[in-house]
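>>> Got a sequence here, can you build the structure:
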Amino acid sequence: MITDENDKTNINIELNLLNQTEQPLQREIQLKNAQFMDTAVIEKDGYSYQVTNGTLYLTLDAQVKKPVQLSLAVEQSSLQTAQPPKLLYENNEYDVSVTSEKITVEDSAKESTEPEKITVPENTKETNKNDSAPEKTEQPTATEEVTNPFAEARMAPATLRANLALPLIAPQYTTDNSGTYPTANWQPTGNQNVLNHQGNKDGSAQWDGQTSWNGDPTNRTNSYIEYGGTGDQADYAIRKYARETTTPGLFDVYLNVRGNVQKEITPLDLVLVVDWSGSMNENNRIGEVQKGVNRFVDTLADSGITNNINMGYVGYSSDGYNNNAIQMGPFDTVKNPIKNITPSSTRGGTFTQKALRDAGDMLATPNGHKKVIVLLTDGVPTFSYKVSRVQTEADGRFYGTQFTNRQDQPGSTSYISGSYNAPDQNNINKRINSTFIATIGEAMALKQRGIEIHGLGIQLQSDPRANLSKQQVEDKMREMVSADENGDLYYESADYAPDISDYLAKKAVQISGTVVNGKVVDPIAEPFKYEPNTLSMKSVGPVQVQTLPEVSLTGATINSNEIYLGKGQEIQIHYQVRIQTESENFKPDFWYQMNGRTTFQPLATAPEKVDFGVPSGKAPGVKLNVKKIWEEYDQDPTSRPDNVIYEISRKQVTDTANWQTGYIKLSKPENDTSNSWERKNVTQLSKTADESYQEVLGLPQYNNQGQAFNYQTTRELAVPGYSQEKIDDTTWKNTKQFKPLDLKVIKNSSSGEKNLVGAVFELSGKNVQTTLVDNKDGSYSLPKDVRLQKGERYTLTEVKAPAGHELGKKTTWQIEVSEQGKVSIDGQEVTTTNQVIPLEIENKFSSLPIRIRKYTMQNGKQVNLAEATFALQRKNAQGSYQTVATQKTDTTGLSYFKISEPGEYRMVEQSGPLGYDTLAGNYEFTVDKYGKIHYAGKNIEENAPEWTLTHQNNLKPFDLTVHKKADNQTPLKGAKFRLTGPDTDIELPKDGKETDTFVFENLKPGKYVLTETFTPEGYQGLKEPIELIIREDGSVTIDGEKVADVLISGEKNNQITLDVTNQAKVPLPETGGIGRLWFYLIAISTFVIAGVYLFIRRPEGSV
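I've put the predicted structure just below:
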């Protein structure tokens, strides 16, 4: 505890706040041997506090945990005792350390926490538009009085309303195979398809046990759930129930809400502050105020709590005009004067600040009562006291805190043309240019003192002179009023003059009633649907509710807000719902809740909601009986199926999107000896007649509009071998009858192919001679006008086989139909299907000859080649080709093959003739199931007797190899040779390196000349060139002599080999012409000696 130099004492407290619950907690701390000074409510992060009557009240927010420090002022007079001060908390005392030495204000500020600021609702402070230091500041003169309303004593806050949080009474429901319905239920007399929730007993959670009454909506006694008492003593009561109408499936739904007067109410001091300015004459606003005041007073007079109400009235305009007041007094004393004081006409300006100050003076008595001002005004304040100081908030907005007794008098606007400056708490000048600055400041001071301000703006308009829109004017009005526990402002707008009366009537209920700004939320649940134009609300209590709350439908939810109910007041909401029976998911005779959770919140300022009991409804169903009658001409019941299925139609459906057709199955009895099957009491159908058959569709009695459904069997799913006949809506007769038979022949191939077309069949018999119809799908059937009769024999003949196939050895079949309808073919019994006799006939695939011709081009003409090898290949299932046959071409160049089955084929050359290249060809073609060849290539022999491919080969190039040898047959290096001919002029070696072997490559047919262009030193070279001729047929001659075995198989070129032998030089006569002769002589001698050819030598038997 610290006392500063100005003898002001503060106590610094360190606290650890801890609240682990989901609800706010309130705690109290007191001083012993000292007393805290009272403060207004101070809001902090996670907590708030207030000092009232010397007690510190702390409110901890949910889930808060934090250390805090508080610095609180202490009443100096309370310290005049020898006992040391102590803190008291939850029966525990805590010592307080007292600093006896006085410290300066600056020191105190350093040691204490930052001073707390009063929380002001958002937008309640004038924005700092004109901060000004050099402007002239308006200072009060020595003769002026300065008023500081913020210095007025704070009054202890009081709560007008007692805590109405009552124990919740939860309706109870049962869910079983019959649906969901109230556990404790009752039914209106004569109703079978609705169950309502019972009311409670003696205001407790026990149900009243009443199981039936007539459901008359004027009844105000039965089946209420009452809170806080019973009957007229209940704080409030709710009831919800439904009853059937005369239209099937249509239900009336009623919700009742009853209010009452508060049983415990804090004494209330209330002042009506009414605008008597001249503008109140417009639209008879002052007349509506008069009505509203009367309703306000009369409502309170009937509440039964008037002994707890003191009331006053301030009627204001501006000085010099009609201003009047009725001072605070007991309600019953002042009620009549207040009803009579409002004038019929008014004059003057709007001096709202003075009126608020006068009302504050009336409420200044510190008696522990709730203090309330109800302000009614239709415009901006046009008069105010001059401002001498202001308070600037952190956001820059400011409002007046001290005022002189002089006035600012704009007269018809809030704008002060002769604006001036006033300093704020930091001695910074603020521009005073609006009467709102002073008026809002006065209201702020009243609220700080603990006075609650409610406001009604009556047909407010904009203030163009002050550059304020209508919305901005209303925002400034909102700055003047207080807020409830939820932060909602006590401000409303009356756009129409009659709204004034409604506002005051609700305000009276707000003061005295148990239902204040209540709310009903009633969601309609499937399968129920709101019936259009049936929603209404009316007052049903002994005390009329003059202004009924709004009730609306949003989506499928009924909402009613702003419900104000006091003593004897009760409202009833009524609407109708239809049960929607047409959905495939709907279950007849099954209890469905008509609504979701239906709640009533009696107080907007309290979170408590209570539950209405939710009624349940249902729609009755029907039961079907279905019958099957059997009649067999052969007295054989074995052909009856295991079950039959009826198609059931439902007529009178209002929405074609809902199901109209279902199915019901009749199963064969275990002992099927009678001529009828029957199934009774069918309550469900299947959506489908296939493998997913399941009986899930209920059979409600009526449709979405309450019209009776008509269920009947529309057809029976076909039963093979029987005709159907409808006897009545639920009975069908099946007669076993012979139906003339069709014949269906399926033509297949021995190759495995199916469904061949192109065959021709003829049928003959008694009075029948016809050709079967080729259906072009591989099947053959009788003409439509021809059928096989029982007791007849027929002969079927295949006249023509399909293309690519041969007629079989068997071409006729005997078909017999007995008197009992049994069918046999060639004596073998055949089972018919859907009156069709099946017969499959196979034909042999005809072998398909194909050829390939091998040729080459010589002198511009094709010359056929023998000894080429070709392979016929067929593609297997894996997609690869496999060889099925291999053939060589004959002297005509032809290879012959036969194809025995359809498929994908390829012709491949495996090897060409000797001396010719090998070209695979890979000719791919397809043989279809009719033996037709499909080939995209162009190499087809035209006009050939059989399908023939052609394949051309070319003579391979030749390589000439020259071996240079000495006369002793040893290799001789150093020579050079030149070969000239078609597109050829080559001299070897090209690289200059000496060699004895010279290879001239890739020679094509033509005439060539080989010349020795250089002879090794010491040897004699060729005196004449050698002539080489390669012909197009592959034959080769050298100097006119034919050379054998030059053609080579495989990929290697054809080969020609030539040995050229040189003889060493010998001296010869320098004259004479024997040079060439000498060469031959040398060659002949060499031939005699060595036994070899003259100068041409070829390996492998060359000559």
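
>>> the helices in the protein, which residues?
Assigned by DSSP state H, the chain shows helices spanning 105-111, 285-301, 331-341, 352-362, 435-448, 470-480, 499-512, 1075-1090.

>>> the strands in the stretch 601-750 of the chain, which residues?
With DSSP state E, counting those that start in this stretch as the criterion, the stretch 601-750 of the chain has strands at 610-611, 616-617, 624-632, 643-651, 661-667, 676-682, 684-686, 695-698, 710-716, 722-728, 731-736, 742-749.

>>> from the chain's centre, how far out does the third one sit?
In this case it means strand 624-632. 50 Å (Cα atoms, centre = their mean, to the nearest Å).

>>> re earlier: can you list the strands of the stretch 601-750 of the chain in TSV and add mean pLDDT, distance to residue 328 and mean neighbour count?
Quick note: C-beta positions are derived from backbone N, CA and C, even for glycine. As requested, those are exported to TSV (pLDDT from 0 to 100; distance: least, Cβ to Cβ, whole Å; neighbours: other Cβ atoms under 10 Å):
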stretch	mean pLDDT	distance to residue 328	mean neighbour count
strand 610-611	96	37	18
strand 616-617	98	55	26
strand 624-632	93	80	18
strand 643-651	95	75	19
strand 661-667	96	78	18
strand 676-682	95	80	14
strand 684-686	96	76	20
strand 695-698	96	71	18
strand 710-716	93	77	16
strand 722-728	91	89	14
strand 731-736	91	91	18
strand 742-749	94	111	21
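
>>> Not counting sequence-adjacent ones, nearest residue to residue 741?
The spatially closest residue to residue 741, leaving aside those adjacent along the chain, is residue 788, at 4.4 Å (Cβ to Cβ, 6 or more residues apart in numbering).

>>> Neighbours of that neighbour, how many?
22 (other Cβ atoms under 10 Å).

>>> got the phi/psi numbers for the most centrally placed residue in the chain?
Closest to where the C-alpha atoms of the chain average out (Cα atoms, centre = their mean) is residue 555, at 20.2 Å. Main-chain dihedrals, residue 555, degrees, to the nearest 10: phi 70, psi -120.

>>> And residue 281, how close does it get to residue 343?
10 Å (Cβ to Cβ, to the nearest Å).

>>> try residue 225
On the measure of Cβ to Cβ, residue 225 and residue 343 end up 48 Å apart.

>>> Between the two, which has more neighbouring residues?
residue 225 (26 against 16).

>>> Flag the shaky bits of the stretch 501-650 of the chain, pLDDT-wise.
Filtered on pLDDT under 70, the stretch 501-650 of the chain yields the residue ranges 634.

>>> switch the cut-off to 80
The model of the stretch 501-650 of the chain has pLDDT under 80 over residues 501, 504-512, 633-635.

>>> Likewise for the stretch 301-450 of the chain?
Short version for the stretch 301-450 of the chain, where the test is pLDDT under 80: 303-304.

>>> residue ranges of the strands in it, please?
Using DSSP E, counting those that start in this stretch, strands in the stretch 301-450 of the chain cover 309-316, 324-330, 370-377, 384-392, 398-408, 415-423, 429-434.

>>> Which strand residues bridge residue 715?
Judged by DSSP bridges, the bridge partners of residue 715 are residue 647.

>>> Wait, it touches residue 647, no?
Yes. Look at residue 715 against residue 647 with Cβ atoms under 8 Å: they come within range, at 4.7 Å.

>>> all strands in the stretch 101-250 of the chain, in order from the N-terminus.
Using DSSP E, counting those that start in this stretch, strands in the stretch 101-250 of the chain cover 146-147, 173-176, 179-182, 185-188, 194-197, 212-213, 225-227, 236-244, 250-258.

>>> In CSV: the strands of the stretch 601-750 of the chain, plus distance to residue 66.
Putting the strands of the stretch 601-750 of the chain into CSV (distance: least, Cβ to Cβ, whole Å) gives the following:
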stretch, distance to residue 66
strand 610-611, 35
strand 616-617, 50
strand 624-632, 73
strand 643-651, 68
strand 661-667, 67
strand 676-682, 71
strand 684-686, 64
strand 695-698, 60
strand 710-716, 72
strand 722-728, 84
strand 731-736, 83
strand 742-749, 92
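
>>> so which of the ones you listed gets nearest residue 444?
Residue 444 sits nearest to strand 610-611 of all those, at 37.7 Å, using Cβ to Cβ.
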